[in-house]
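# Predicted model and sequence follow; I will ask about them next.
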Amino acid sequence: MKHLCIICAVVWVALALSSCASTKSTVASRDSVLLELRPEKGQRFRTTKTTTAVVTATVMGEKVNFSQESRERTKSIVSSVSGETLQIKETLERVSALISTGKRVIEFDSSKPAQDLPPPAQLALSLVGQTLVITLNRRGEIDRISGIEPLIERLRNDPALDEERREDLDRLRRAYTQTGITGLGRRPVVFPMRRLSVGDSWTETTRADVDRFAVTVHESWSLAGRKNSVATLDVTMKLSLDPASELAQLYAALSMEFSAKAIGLFEVDEKTGLVLRSRVVLEMAAKRSEATPDFMGDSIYRFTTDRQSVIE
């Protein structure tokens, strides 16, 4: 059961750690461009995110198949712009999911009447209507996130709170930290803050740390094309497990090798620096070796995340 929980923990994080399968854009201009976050105060935009996950694994000699399709819709407003710092208030308007574990199907939608759901689904629904305040600089680096604490405290005071839900709340708090937000895939593109011509590239290294899963993400970005004031960015990512994380220690104890890579595409509005569209495909695998116990087999994860934002 512990090993199955670990697989679920990987799914929890990787549903947001995303990369994109992309095609190159037609080059419309060879002029250089400076990309940075420069939306105006009061600017509003809505974002729809769809994530599909397919996982196959062998645990205790039994084949485990997991699939999920989840959707989120958020509305955001640029609430403050001061020098190099801006704040964005992001409110979750709707969330839905269809989850199949092979033996059970779980479906929920915040726009429909409440159902008898397991604690993780209940927690996801409780986020609807919650507003986060994300403070970041024009490069796209996040300084802090606030707004999740009142919800956590309200849920923690629920007399029906059991130990499983208490652990879920602790996981939620860690998820909305500076390193956790990277794992959630909400971090905007971090721009190099220099003028770019088509074909120019840059690198970034970030850390995602959520629950039992901590990774360093090595990113290689390039400006693939420009057309109609939209810059198309390609990115490839390589993820390496933190050796001190619980998941890395488990794989080491089982003599399993972990690998993860991603490719992606982002379309960025050159005027505001906001991401208009993106597609993200992440592939991860835990491969057994000759020394791996018989009860553990290969685990293969594939996640695809599509985002689309409309600037109002």
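Nice, thanks for sending it over.

# Could I get the full set of strands for the stretch 151-300 of the chain?
According to DSSP state E, counting those that start in this stretch, the stretch 151-300 of the chain carries its strands in the segments 201-210, 213-227, 230-241, 257-269, 275-287, 296-311.

# could you dump those strands to JSON lines with distance to residue 113?
The C-beta positions use only the backbone N, C-alpha and C, and glycine is treated the same way. Listed next are these as JSON lines, based on distance: least, CB to CB, whole Å:
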{"stretch": "strand 201-210", "distance to residue 113": "31"}
{"stretch": "strand 213-227", "distance to residue 113": "33"}
{"stretch": "strand 230-241", "distance to residue 113": "39"}
{"stretch": "strand 257-269", "distance to residue 113": "37"}
{"stretch": "strand 275-287", "distance to residue 113": "32"}
{"stretch": "strand 296-311", "distance to residue 113": "28"}
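
# Please identify which of those strands is closest to residue 141.
Ranking the strands of the stretch 151-300 of the chain by proximity to residue 141 (CB to CB) places strand 201-210 first, at 9.4 Å.

# could you check the angle strand 230-241 makes with that closest one?
Put simply, strand 201-210 runs at 50 degrees to strand 230-241, going by axes from the mean of the first three to the mean of the last three CA atoms, to 10 degrees.

# Return the distance of strand 201-210 from the chain's centre.
From the chain centre to the centre of strand 201-210 is a distance of 13 Å (CA atoms, centre = their mean, to the nearest Å).

# ok, back up a step: a markdown table for the strands of the stretch 151-300 of the chain, including mean pLDDT, distance to residue 153 and mean neighbour count?
Formatted as a markdown table, the strands of the stretch 151-300 of the chain follow (pLDDT from 0 to 100; distance: least, CB to CB, whole Å; neighbours: other CB atoms under 10 Å):
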| stretch | mean pLDDT | distance to residue 153 | mean neighbour count |
| --- | --- | --- | --- |
| strand 201-210 | 84 | 20 | 16 |
| strand 213-227 | 91 | 25 | 19 |
| strand 230-241 | 93 | 32 | 20 |
| strand 257-269 | 93 | 35 | 19 |
| strand 275-287 | 92 | 32 | 20 |
| strand 296-311 | 92 | 30 | 18 |
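
# Quick check: which of those is nearest to residue 109?
Per CB to CB, nearest to residue 109 of those: strand 296-311, 18.5 Å.

# Listing partners with orientation, what would you give for that closest one?
Strand pairing for strand 296-311, determined by DSSP bridges: strand 44-59 (antiparallel), strand 275-287 (antiparallel).

# one step back: out of the strands of the stretch 151-300 of the chain, the one nearest residue 105 is which?
Closest among the strands of the stretch 151-300 of the chain, using CB to CB: strand 296-311, at 19.4 Å.

# Give me the below-cutoff pLDDT ranges for this structure.
Low-confidence segments of the chain (pLDDT under 70): 1-30, 114-115, 158-167, 171, 173-188, 210-212.

# hmm, try it at 50
By pLDDT under 50, the low-scoring segments of the chain are 1-7, 9, 12-29, 180, 183-185.

# The stretch 101-250 of the chain: helices as residue ranges?
Ranges of helices in the stretch 101-250 of the chain, per DSSP state H, counting those that start in this stretch, are 119-126, 149-156, 163-175, 178-183, 246-253.

# angle of the first one against helix 149-156?
Read it as helix 119-126. Here helix 119-126 points in a direction 140 degrees away from that of helix 149-156 (the same axes, to 10 degrees).

# which strands and helices sit next to helix 119-126?
strand 85-100, strand 105-109, helix 149-156, helix 163-175 (3 or more CB pairs under 8 Å, 6 or more residues apart in numbering; DSSP states H and E).

# nearest to residue 74, of these?
Each of the helices and strands packed on helix 119-126 was scored for nearness to residue 74 using CB to CB, and the closest is strand 85-100 (5.4 Å).

# Run me through the strand neighbours of the closest one, direction for each.
strand 62-82 (antiparallel), strand 105-109 (antiparallel), strand 131-137 (antiparallel).

# So which of those is nearest residue 299?
Residue 299 lies closest, by CB to CB, to one member of those: strand 62-82, at 8.4 Å.

# just the helices and strands packed on helix 119-126: most buried one?
strand 85-100 (a mean of 17; mean count of other CB atoms under 10 Å).

# Pull the CA coordinates from that strand and hand them back as PDB.
Written as PDB, here are the backbone C-alpha positions of strand 85-100 (Å, rounded to 0.1, in the frame of the first residue of the first chain):
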ATOM      1  CA  THR A  85       7.100  44.200  -8.900                       C
ATOM      2  CA  LEU A  86       3.500  43.200  -9.700                       C
ATOM      3  CA  GLN A  87       0.800  41.200  -7.900                       C
ATOM      4  CA  ILE A  88      -1.800  39.000  -9.600                       C
ATOM      5  CA  LYS A  89      -4.900  37.900  -7.800                       C
ATOM      6  CA  GLU A  90      -6.000  34.500  -9.200                       C
ATOM      7  CA  THR A  91      -9.400  32.900  -8.300                       C
ATOM      8  CA  LEU A  92     -10.300  29.300  -9.100                       C
ATOM      9  CA  GLU A  93     -13.800  29.400 -10.700                       C
ATOM     10  CA  ARG A  94     -14.300  25.800 -11.600                       C
ATOM     11  CA  VAL A  95     -12.600  22.400 -11.300                       C
ATOM     12  CA  SER A  96     -13.600  19.000 -12.600                       C
ATOM     13  CA  ALA A  97     -12.000  15.600 -13.000                       C
ATOM     14  CA  LEU A  98     -12.600  12.100 -14.200                       C
ATOM     15  CA  ILE A  99     -10.300   9.600 -12.500                       C
ATOM     16  CA  SER A 100     -10.000   5.900 -13.200                       C
END
